[in-house]
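[1] give me a model of this one.
(chains A and B)
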Amino acid sequence: MTAYILRTLLKMVLTLFAIITLVFFATRMSGSPLDTALGDGLTEEDRVLMIEYFGLDRSLWYQYLAYLRGILEGNFGLSFIERRPVADIVLERIWPTLQLLGSALALTLVVSVPLGGVAALWRDSWIGSAVMGLAFIGYAVPNFVIATFMVLVFAFSLNWLPVVGNGTPWHFIMPTIAMSGVLIAALTRFTRNAMLDVLGQDFMRTARAKGLPEPVVILKHGLRNASVTVLSVLGMQIAGMAAAGNVVIEAIFSWPGIGELLVSAAIMRDYPVLQFGVISVAFAVVVINALTDIAYVVADPRIRMAKG
Amino acid sequence: MTSATHIPAPAPFLLTLWRDSNIIEKAAALVGLALVFMALLAPLIAPTDPLAQSLISRLRPPLGFERYKDGFYLGTDELGRDVLSRSLYGLHLTLGLALAGATIGLLIGGTLGLIAGLRGGWVEDAIMAAVDLQIAVPFTLLALLILALFGSSLTVMICVLGIAGWEQYARIVRAEVRRINELPFIEAARASGGGQRYIALTHVLPNIVSPLVVQFTLSLSNIVILESTLSFLGLGVQPPTATLGSMVGYGRDYMPTAPWIVIAPAVLIILVTFSVQILGDWLRDRADVRLRDR
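    Numbering: from 1, shown residues only, chains lettered A, B, ... in the order given. Presented below is the predicted three-dimensional model:
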């Protein structure tokens, strides 16, 4: 098992390295970053200064190595627009994003685990079909469309909820629901499949045979065993989906988090911010994936044995 | 046996599919067809030029509301442009972009998957490492980066959509190639002197068509969602050209007073993703058992 953990960690480090490399060369492939980012608004003097600061007159490999060194030293560059370290800018944005992610994930868990369980238990009746139909809708409607319709109804028509910012608990309602839609759809499907797997196992029959009441069988033997799979899905798949959804939802509701920062940096072409933002979110997703993978192996003795 | 394809002739195949589909799937098929026709015929059936502005008829509501202006059935936007015509052209562009993107993804992923499956060795490892990387990084982030760096034009958008889903094709094709490679008829072809490329194109490819068709349909809906999301954020095709997503995005500013600017394209987006997704699931269940529950 130690070998498996080491291999997972090594893969994680390689992935992180590949992401940095990819982002760096993508940025440089588009020509001089100064031209794309600042265009005409730069005096000749500033231009020379910035070329020197960013080392843009050196070879690409030199710049790449310099960038890697900067990252190792904790120097990620300066924002073109705000002229201060990008790490500071991104750090300020983390807390609001974590709050929104936390509430969205909580809602997702609270809704989709029971729904998925219900869909598995009543798979052949209309209840199961209804739940899967709902999950389908969550998958097929883009989150920005859900958000737009919610704003239309609850903010503009009924005047119940605020649209912009994160000032009060009321501000959480629409972004949380809009972000959770697709996550709930995905997790409901996964929970249902995990439950179906568990329900067919021998130990369920044993539990019933020894006379345990049905709710205890379902909750203690069924759901508990399915939850390992559900939690691993939460880390492996939902993390990436949440990171993508977060970008859109924060931009819509002007939520002062990382997603909103990335979109505005993309629109204003503030590429150091964008570069660092993309790298750090991708880092977070990759690290969560790897840790979940390891936790999954540690938690489940069957896999622990199989993977050595 | 020269061709190993097991796909029946098109007409009876479609007829059978129609017969064992339920009411929702039939509705999705009809809506999908209607949308495709609307998109294709947009230049012919749109009542006005989608870019024609008319400042005296700004923000007029749709048919049946007070202040409705004759001829603008779904109302007008902030520049007096016809919402119906713009939605039709937007649908045209959205579906066109999605098709182009999915096709590029299919070509890139299919080719890489084929190479990985047939070549093996370090080539396969390298390709599969790229696949893993693509899966690990949320693609929306990369799309933001690419669009910011290379500008938002139709060409860049098509490229972004093209690289959005290639890894799925690469995985499917590689797995299928490895499976098929073990089958006796490939061995026979090899024994009778068929070259690597000949075998790939005439024996392997025809046998992986049906999983590819299924994946193509399923990915269309994801690509429509990605495209409209990026356009919605203002990073897609730039105005005055509009896709459904950018219509919703720019129309948001007028939502309190003129919600129809947003509702028409948003409903079209939902119809597109719904019908495509239902058709994709339906094809998957009927055409290829191995892909079920994915």
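[2] so how many other residues sit close to residue 196?
    No chain in the question, so chain A it is. Each residue near A:Leu196 was counted by other C-beta atoms under 10 Å in any protein chain shown, and the total is 16. Every residue, glycine included, has its C-beta placed from N, CA and C.
[3] actually, chain B is the one I wanted.
    10.
[4] let's verify the closest residue to it other than its chain neighbours: helix, strand, or coil?
    Spatially, and ignoring its direct neighbours in sequence, B:Gln196 is nearest to B:Leu118 (6.2 Å; C-beta to C-beta, 6 or more residues apart in numbering or on different chains). Following DSSP: H, G, I helix; E, B strand; the rest coil, we place B:Leu118 in the helix state.
[5] quick one: residues contacting the most centrally placed residue in chain B.
    Compute the mean C-alpha point of chain B, and by C-alpha atoms, centre = their mean the closest residue is B:Leu220, 2.5 Å away. Applying C-beta atoms under 8 Å, 6 or more residues apart in numbering or on different chains, we find B:Leu220 in contact with B:98-99, B:102, B:276, B:280.
[6] next helix or strand past the strand or helix carrying A:Val263?
    Per DSSP states H and E: A:Val263 is located in helix A:258-268. The first helix or strand that comes after helix A:258-268 along the chain, using DSSP H and E, is helix A:271-299.
[7] next one: the helix holding A:Val263 to chain centre, how far?
    A distance of 16 Å separates the centroid of the chain from that of helix A:258-268, by C-alpha atoms, centre = their mean, to the nearest Å.
[8] hmm, that helix touching chain B?
    Yes: Helix A:258-268 reaches chain B (C-beta under 8 Å from any C-beta of the partner chain) through A:262-263, A:265-267.
[9] isn't A:Leu199 up against A:Ala120?
    Yes: contact criterion C-beta atoms under 8 Å: A:Leu199 and A:Ala120 qualify, at 6.3 Å.
[10] one step back: same list (the residues of helix A:258-268 next to chain B) but as a markdown table, adding neighbour count.
    Output for those, formatted as a markdown table (neighbours: other C-beta atoms under 10 Å in any protein chain shown):
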| residue | neighbour count |
| --- | --- |
| A:Leu262 | 30 |
| A:Val263 | 24 |
| A:Ala265 | 27 |
| A:Ala266 | 29 |
| A:Ile267 | 17 |
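[11] would CSV of those with pLDDT be doable?
    Formatted as CSV, those follow (pLDDT from 0 to 100):
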residue, pLDDT
A:Leu262, 91
A:Val263, 90
A:Ala265, 88
A:Ala266, 86
A:Ile267, 84
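[12] list the residues that contact A:Arg93.
    Residues in contact with A:Arg93 (C-beta under 8 Å, 6+ apart) are A:256-258, A:260-261.
[13] swap the cut-off to 7 Å and go again
    A:256-258, A:261 (C-beta atoms under 7 Å, 6 or more residues apart in numbering or on different chains).
[14] what sits closest to residue 278 if chain neighbours are left out?
    This is for chain A. That would be B:Leu141: by C-beta to C-beta, 6+ apart, it lies 4.7 Å from A:Val278.
[15] wait, chain B
    Of all residues not flanking B:Ile278 in the chain, B:Ala28 sits nearest, at 3.7 Å (C-beta to C-beta, 6+ apart).
[16] count the neighbours of the closest residue to A:Pro85 other than its chain neighbours for me.
    Nearest residue to A:Pro85, sequence neighbours excluded (C-beta to C-beta, 6+ apart): A:Leu78, at 6.1 Å. Residues lying near A:Leu78 (other C-beta under 10 Å) number 20.
[17] okay, A:Leu78: pLDDT?
    With respect to pLDDT, A:Leu78 scores 79.
[18] which pLDDT value goes with B:Thr76?
    B:Thr76 is assigned 79 on the pLDDT scale.
[19] any stretches of chain B with poor pLDDT?
    B:1-13, B:17, B:287-294 (pLDDT under 70).
[20] returning to that earlier point: and of the contacts of B:Leu220, the nearest to A:Leu60?
    Taking C-beta to C-beta as the measure, A:Leu60 sits nearest to B:Ala102 out of those, at 33.1 Å.
[21] okay, now that closest one: neighbour count?
    25.
[22] from chain A, how far off is it?
    17 Å (C-beta to the nearest C-beta, to the nearest Å).
[23] can you list the residues of the stretch 101-250 of chain A near chain B?
    Counting by C-beta under 7 Å from any C-beta of the partner chain, the stretch 101-250 of chain A comes close to chain B at A:139-142, A:144-145, A:148-149, A:151-152, A:156, A:193, A:240, A:243-244, A:247-248.
[24] if any of these are buried, give me the ChimeraX selection for them.
    Filtering those down to the buried ones (16 or more other C-beta atoms under 10 Å in any protein chain shown) takes a single ChimeraX command:
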select /A:139,140,141,142,144,145,148,149,151,152,193,240,243,244,247,248
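[25] can you list which of the residues of the stretch 101-250 of chain A next to chain B are found in helices?
    A:139-140, A:144-145, A:148-149, A:193, A:240, A:243-244, A:247-248 (DSSP state H).
[26] can I get the residues you listed in JSON lines with pLDDT?
    As requested, these are exported to JSON lines (pLDDT from 0 to 100):
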{"residue": "A:Tyr139", "pLDDT": "84"}
{"residue": "A:Ala140", "pLDDT": "85"}
{"residue": "A:Phe144", "pLDDT": "91"}
{"residue": "A:Val145", "pLDDT": "91"}
{"residue": "A:Thr148", "pLDDT": "90"}
{"residue": "A:Phe149", "pLDDT": "89"}
{"residue": "A:Asn193", "pLDDT": "86"}
{"residue": "A:Gly240", "pLDDT": "84"}
{"residue": "A:Ala243", "pLDDT": "86"}
{"residue": "A:Ala244", "pLDDT": "86"}
{"residue": "A:Val247", "pLDDT": "90"}
{"residue": "A:Val248", "pLDDT": "90"}
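[27] since that was my last question, I'll sign off now.
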